[in-house]
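Student: predicted coordinates and the sequence they were generated for:
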Amino acid sequence: MCESNVYLKENGTETLIMENVAAITPAGDNRFVLKGLLGEQKQVSGIIENINLMGHKIILKAV
């Protein structure tokens with residue numbers, strides 16, 4: 001599977017905000033819509049700090 005876990009990094013701490021994310025869509029003004037395998041969605045604010053496709057990990061930095 002190609003899903004990734006998305007973390008929000010704030011004050012040097014990474015917090016898991018969603019598992020098994022299948023798609024990320026920009027929503028303007030440093031916002032992204034995360035979409036899961038079963039259709040669940042979550043909107044988060046941040047900027048992309050790191051995408052590790054092999055490690056299935058995406059880090060958004062809080063703004």
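Tutor: Thanks, I have the structure now. Residues are numbered from 1 along each chain as shown.

Student: run through the strands of the chain in chain order.
Tutor: Using DSSP state E, the strands found in the chain span residues 4-10, 13-28, 31-36, 41-45, 47-52, 57-61.

Student: make TSV out of these and add mean neighbour count.
Tutor: Yep, even glycine has a C-beta here, placed from its N, CA and C like the rest. Formatted as TSV, the strands of the chain follow (neighbours: other C-beta atoms under 10 Å):
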stretch	mean neighbour count
strand 4-10	18
strand 13-28	13
strand 31-36	17
strand 41-45	13
strand 47-52	12
strand 57-61	18
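
Student: could you dump those to JSON lines with mean pLDDT?
Tutor: Output for the strands of the chain, formatted as JSON lines (pLDDT from 0 to 100):
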{"stretch": "strand 4-10", "mean pLDDT": "98"}
{"stretch": "strand 13-28", "mean pLDDT": "97"}
{"stretch": "strand 31-36", "mean pLDDT": "98"}
{"stretch": "strand 41-45", "mean pLDDT": "98"}
{"stretch": "strand 47-52", "mean pLDDT": "98"}
{"stretch": "strand 57-61", "mean pLDDT": "98"}
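
Student: look up the pLDDT of Met1 for me, please.
Tutor: The model reports Met1 with a pLDDT of 65.

Student: quick one: Leu53 from Glu3, how far?
Tutor: In this view, Leu53 and Glu3 are 11 Å apart by C-beta to C-beta, to the nearest Å.

Student: again with Glu19
Tutor: Distance of Glu19 to Glu3, given as C-beta to C-beta: 8 Å.

Student: got any residues that touch both of those two?
Tutor: Common neighbours of Glu19 and Glu3 (criterion: C-beta atoms under 8 Å, 6 or more residues apart in numbering): Gly36.
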